[in-house]
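Asks: Next input, structure requested:
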Amino acid sequence: MSRQVKIIVGAVIGVVFLSVAVVAFMRGGKSSSQNEATSGNTVRIEIRAMPKMTVKKDGKKIGTTPVSIEVPKTNQPFDIDTEWTEQRIYRTGQRMVPRHAHKAVVPDDNKTVDFSAKDGDPVVVEPPEPPDPVEPNK
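Replies: Below is the predicted model:
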């Protein structure tokens, strides 16, 4: 085999290998059976947030963003709650402020749910009761 033929065969093999790698990357590395399972009775919900947040589904902690969950396909919504802490700086010093956000998600199709600090509300912390007044000495 001549040198030119070897170069051409090597180039063709390289192009085929590269094409297969691109197709596998574009499909996300999933097999067709995984794609069928996701498109059938279950859906994938991607939960993303900035800054990182702790995620709860119906009150149960499921992780820290980004989180991906598979749930049964339905028209009934479920609750997603996120919690995080923001640092606030005041004249009197810094304070860590707990925050939370809530969204109801209907898992009728694959979706991405995004949270941001703008979605959050401060967590209301009940102030401690004031001490009993001290009677002045007479």
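Asks: Please make it C-alpha for all contacts and neighbour counts, starting now.
Replies: Will do.
Asks: can you list contacts of the longest helix along the chain?
Replies: Longest helix of the chain, by residue count under DSSP state H: helix 3-26. By Cα atoms under 8 Å, 6 or more residues apart in numbering, no residue outside helix 3-26 reaches it.
Asks: how far out from the middle of the chain is that helix?
Replies: Centroid separation for helix 3-26 versus its chain: 37 Å, with Cα atoms, centre = their mean, to the nearest Å.
Asks: could you point out which element follows the lowest-mean-pLDDT helix or strand in the chain?
Replies: Counting by mean pLDDT, DSSP states H and E, the weakest-scoring helix or strand in the chain turns out to be helix 32-39, with a mean of 45. Once helix 32-39 ends, the next helix or strand along the chain (criterion: DSSP states H and E) is strand 42-50.
Asks: Outside of that following strand itself, list whatever touches it.
Replies: With Cα under 8 Å, 6+ apart, strand 42-50 has contacts from 38, 65-73, 107-117.
Asks: Could you give the separation of that strand from the chain centroid?
Replies: That offset, for strand 42-50, works out to 5 Å (Cα atoms, centre = their mean).
Asks: Neighbouring strands of the next helix or strand along the chain from it in the sheet, and parallel or not?
Replies: Moving toward the C-terminus from strand 42-50, the next helix or strand (DSSP H and E) is strand 54-57. Using DSSP bridges, strand 54-57 pairs in its sheet with strand 60-64 (antiparallel), strand 78-90 (antiparallel).
Asks: would TSV of those with distance to T54 and mean neighbour count be doable?
Replies: Shown next, in TSV, are the strands paired with strand 54-57 (distance: least, Cα to Cα, whole Å; neighbours: other Cα atoms under 10 Å):
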stretch	distance to T54	mean neighbour count
strand 60-64	4	14
strand 78-90	5	15
